[in-house]
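Chemist: Show me the folded form of this:
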Amino acid sequence: MNFEKEIITALISNNFLIYVSTEEEERLEYLLKHTINKMFRGKTCSWNFIDGYTDNPNYISQCIQNPLEALNTITKYNNKKTKIFFLKDFHVFFQDISISRKLKNLYQYLNKSNQYVVLSGAEINIPTELKEYIVYIQMPLPNKKEILIELNRFLYKDNQNKLKYKETMCMAYAGFSINKIRKSLSKLILNNISKNQTIEKILQEKEKIIQNTEGLKFYSPHNNILEVGGLQNLRNWLQIRNLAFTQKADSYGIKKPKGILLVGIQGTGKSLSAKTISNAWNMPLFKLDISKIFTGILGESENRIEKAISICEKSSPCILWIDEIDKIFSEYNTNNDSGTKQRVTNIFLTWLSEKTQEVFIVATANTINQLPIEILRKGRFDEIFFVDLPNFKARLKIFQIHLKKYRPITWNKYNIYYLSKISKGFSGAEIEQSIIDAMYTAFYNNREFTSIDIKNAIKKITPLSKIEQKKITNLRKWGYTGKVKIA
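Modeler: Okay, the predicted model is just below:
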C-alpha cells in the first residue's frame, strides 16, 4: 500500500488523530493538501511553533509558540471547508500533561465535527496513554513513481533513449528524500556532469548519507568485472534471476527472490560472490557488520539492527551482505547480556521471513554448527549453497583470474595446469596468496616471478584443509548430504 492510500484508509476508518513520522515535512504537507482536496474538496490548515497558523490570519498571534492554544483554536475554528489541521513537530509536546489531556478531549470534538488532526515529527514518540487515540503512520521515502516525476522535471520526458538511463537513476536515488533528489539533480546539471559519471556521483552521495549508520557499510556497483573461479551452479542460479528486479519481471508476475545462504570453507569466494552479484545485477550493496550492532547500552543494539534494516528497505532494490552470519549465534551467545542477543536475532529472523521490500540477502557462514534450525529452513532463504574447495578445473580458473590481474599481458606464460595439479586442497584465497608470496621472492631478487616461484610458495603453505582437517571433512559430509545445493 502506498502512502496516499494509507492516509485515505486512515481517514475513512474514522481515525481523527493521526501521527505521521517523517523528516519530509514539505512533502507530507503537499500530499495532505492534495488528498484532502481530492476526497472532500476541503482545505488543510497548517501550524508550526514559530509562525503559528500560517494560513489563518485570525489566530496568528495567539498561537505562536503556544501548542496548547493551537489545539484550543481547532474547536473555535468556524470554517467548515477546513478538514485537516496539520501540526508540525508536535511529537516534542506529547509529554506535557496539558497537551496529552487536550488531545484526548479534542478527539470527541473531531468525531462530531468530522475533522481531522495530523501531527508530524521525526521520531516515533507516542506516549502509552495516547496510543488508544492516535493512529501511527510512517511516511516512506519516495517510491519509483515519485522519483521518476522528479527526473522528468529535469530530463527530457519524451526521449525514449533515456528510459533505461532513468530506470538506473531511479534505482540509484532509492533511499533519498525528494529534497535531496532535487538538490542532487541541480548539482549534476549545474556542474555539467556527463551521463557516464552521473550514477557514480549519485552513489557517492548515497554513501555519505549512510556512512553514519552503525553496523552498515555501503558499496556501490562498479563497472569493473569481478570474477569468481568455479561456483558454476551458483552462477547459473543467479544468472536466471538476473532481471528479477526489473519492470519487465513485475509485468510477468515474477516473485522477487529473497536471498541465498552460502556455507563453506574460508577463502572459497563466498564474500567475493556478494560483490560479484552487486556488479552483475547493477544493484547497490550494503554490508551488515554485526560486531558494530551490539553495544552495552540497553535497547541500543535493537535500535541499530532496526535502523540498518530500515535503511536497506528505503534503498531497495538492493543487496544486503551479511558476512559470517554464524558469528551472530556464537560470538555473542552469552548468558549475561540481558537477552540482547536473542532480541536482535528475533528481530532479524522475523524480518528475514516477512520482508516484502526488494532486499536480496547474501549471507555467508563458515560452519553450520552454530546456526539455529529456523534459519536453515525453507522460507528464510530461497536456497542454501555449499561452497566446497575448488576442484582441478576451478583451480585452473582461479590461477587464470589472479595471474591476469597481476600480469594481464604475460599471464599465459605460467604453467597453470601444473600449478593447479599441485595445489589440491587449496582455497581460492590460498592460491592468490601463493602468487603474492612468489612475487615478493622475485621482487627481492630483482627479477620477474615464474611458475617455479609459485610452486615453491605452494609447497611452503599449509592449507586450512590440512590444519582443520576434521572440521572440514565433517562440513563437506554435510554439504554432500543432498539437503543443500552444491555451489
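Chemist: Going by C-alpha atoms from here, please, whenever you check contacts or count neighbours.
Modeler: Fine.
Chemist: and the gap between Tyr30 and Ser177?
Modeler: Separation of Tyr30 from Ser177 (CA to CA, to the nearest Å) stands at 14 Å.
Chemist: Next, count neighbours for Met113.
Modeler: No, residue 113 isn't Met; it's Ser. The local packing of Ser113 (other CA atoms under 10 Å) involves 11 other residues.
Chemist: Between Tyr30 and Ser177, which has more neighbouring residues?
Modeler: Ser177 (19 against 11).
Chemist: Would you mind confirming that the more buried one makes contact with Asn143?
Modeler: No - contact criterion CA atoms under 8 Å: Ser177 and Asn143 do not qualify, at 9.8 Å.
Chemist: Now do the same contact list for the residue nearest to Met171 when sequence neighbours are not counted.
Modeler: Closest residue to Met171 apart from its sequence neighbours, by CA to CA, 6 or more residues apart in numbering: Pro317 at 6.8 Å. Taking CA atoms under 8 Å, 6 or more residues apart in numbering as the contact definition, Pro317 lies against Met171, Ala174, Phe245, Met283, Pro284, Gln357, Glu358, Val359, Phe360.
Chemist: Quick check, pLDDT for Pro317.
Modeler: The model reports Pro317 with a pLDDT of 81.
Chemist: Verify the assumption that Ile384 is located in a strand.
Modeler: Yes - residue state for Ile384 (DSSP: H, G, I helix; E, B strand; the rest coil) corresponds to a strand.
Chemist: circling back: what's the spacing between the residue nearest to Met171 and Tyr219?
Modeler: 14 Å.
Chemist: shared neighbours of those two, which are they?
Modeler: Residues touching both Pro317 and Tyr219 by CA under 8 Å, 6+ apart: Pro284.
Chemist: that older thread, would you quantify the distance from the residue nearest to Met171 to Leu234?
Modeler: The gap separating Pro317 from Leu234 is 21 Å, by CA to CA.
Chemist: same thing with Leu103?
Modeler: Leu103 is 57 Å from Leu234, by CA to CA.
Chemist: Helix, strand, or coil at the residue nearest the centre of the chain?
Modeler: Taking CA atoms, centre = their mean, the centroid of the chain lies closest to Cys312, which sits 1.6 Å from it. Recorded secondary structure, Cys312: helix (three-state DSSP).
Chemist: start the count at 13, not 1, going forward
Modeler: In the new count, where the first residue is 13, that last one comes out as Cys324.
Chemist: pLDDT weak spots in the stretch 163-312 of the chain?
Modeler: Applying pLDDT under 70 to the stretch 163-312 of the chain flags residues 167-177, 207-208, 221-226, 232-242, 307-311.
Chemist: got a pLDDT number for the residue nearest to the centre of the chain?
Modeler: 83.
Chemist: Please name the residues that touch it.
Modeler: Listed by CA under 8 Å, 6+ apart, the contact partners of Cys324 are Phe298, Cys330, Leu332, Val371.
Chemist: ranges for the strands of the protein?
Modeler: In the chain, the segments counted as strands under DSSP state E are 29-33, 55-60, 64-65, 94-99, 128-133, 146-150, 228-231, 271-276, 297-300, 330-334, 371-377, 395-399, 497-498.
Chemist: and the first one with strand 94-99, angle?
Modeler: Using axes from the mean of the first three to the mean of the last three CA atoms, to 10 degrees, one finds that strand 29-33 and strand 94-99 are set 50 degrees apart in direction.
Chemist: helices or strands up against strand 29-33?
Modeler: Packing partners of strand 29-33 (3 or more CA pairs under 8 Å, 6 or more residues apart in numbering; DSSP states H and E): strand 128-133, strand 146-150.
Chemist: Using TSV, lay out those together with mean neighbour count, distance to Ser439 and mean pLDDT.
Modeler: Shown next, in TSV, are the helices and strands packed on strand 29-33 (neighbours: other CA atoms under 10 Å; distance: least, CA to CA, whole Å; pLDDT from 0 to 100):
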stretch	mean neighbour count	distance to Ser439	mean pLDDT
strand 128-133	23	52	89
strand 146-150	18	47	87
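Chemist: Domain boundaries for the chain, per the record?
Modeler: As given by automatic domain parsing, the domain ranges for the chain are 15-150, 156-221, 244-399, 404-479.
Chemist: so which of those domains gets nearest Ala499?
Modeler: Checking the domains of the chain against Ala499 by CA to CA gives domain 244-399 as the closest, at 4.7 Å.
Chemist: Give the residue farthest from the middle of this protein.
Modeler: Asn457 (48.2 Å).
Chemist: do you know how far that residue is from Leu200?
Modeler: 50 Å.
Chemist: Quick one: the strands of the chain as a markdown table, columns for distance to Ile387 too.
Modeler: Formatted as a markdown table, those follow (distance: least, CA to CA, whole Å):
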| stretch | distance to Ile387 |
| --- | --- |
| strand 29-33 | 32 |
| strand 55-60 | 48 |
| strand 64-65 | 52 |
| strand 94-99 | 44 |
| strand 128-133 | 36 |
| strand 146-150 | 29 |
| strand 228-231 | 21 |
| strand 271-276 | 9 |
| strand 297-300 | 17 |
| strand 330-334 | 13 |
| strand 371-377 | 11 |
| strand 395-399 | 10 |
| strand 497-498 | 16 |
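Chemist: who wins for proximity to Tyr430 among those strands?
Modeler: Of the strands of the chain, nearest to Tyr430 by CA to CA is strand 395-399, at 23.8 Å.
Chemist: Show me where the stretch 163-312 of the chain has its helices.
Modeler: 175-185, 190-202, 207-222, 244-252, 259-264, 282-293, 312-326 (DSSP state H, counting those that start in this stretch).
Chemist: Buried deepest among those, which one?
Modeler: Of all the helices of the stretch 163-312 of the chain, helix 282-293 carries the top mean neighbour count, a mean of 21, counting by mean count of other CA atoms under 10 Å.
Chemist: What mean pLDDT does stretch 86-95 get?
Modeler: Regarding stretch 86-95, the rounded mean pLDDT is 78.
Chemist: Quick one: distance of that stretch to the chain centre.
Modeler: 43 Å (CA atoms, centre = their mean, to the nearest Å).
Chemist: ok, now stretch 445-454?
Modeler: Averaging C-alpha positions (CA atoms, centre = their mean) puts stretch 445-454 38 Å from its chain's average.
Chemist: Then stretch 109-119?
Modeler: The answer for stretch 109-119 is 38 Å, by CA atoms, centre = their mean.
Chemist: Look up the pLDDT of the closest residue in space to Leu431 that isn't next to it in sequence for me, please.
Modeler: Using CA to CA, 6+ apart and skipping residues adjacent in sequence, the residue nearest Leu431 is Lys467, 6.5 Å away. On the pLDDT scale, Lys467 is placed at 93.
Chemist: What of the one 5 residues further on?
Modeler: Model confidence at Lys472, expressed as pLDDT, equals 93.
Chemist: State the distance from it to Phe411.
Modeler: 17 Å.
Chemist: Name the residue in these two with the higher neighbour count.
Modeler: A direct count of neighbours by other CA under 10 Å for Lys472 and Phe411 places Phe411 higher, at 24 against 11.
Chemist: How about the contacts made by the nearest residue to the more buried one once chain neighbours are set aside?
Modeler: Spatial nearest neighbour of Phe411, chain neighbours left out: Ile428 (6.3 Å); criterion: CA to CA, 6+ apart. For Ile428, the contacting residues are Leu408, Phe411, Gln412, Ser463, by CA under 8 Å, 6+ apart.
Chemist: Highest neighbour count among these?
Modeler: That'd be Phe411 among the contacts of Ile428, by other CA under 10 Å, with 24 neighbours.
Chemist: who's in contact with that residue?
Modeler: Contacts of Phe411 (CA under 8 Å, 6+ apart): Ile428, Ser432, Ile443, Glu444.
Chemist: Cys182 now?
Modeler: Cys182 makes contact with Lys156, Ile159, Leu160, according to CA under 8 Å, 6+ apart.
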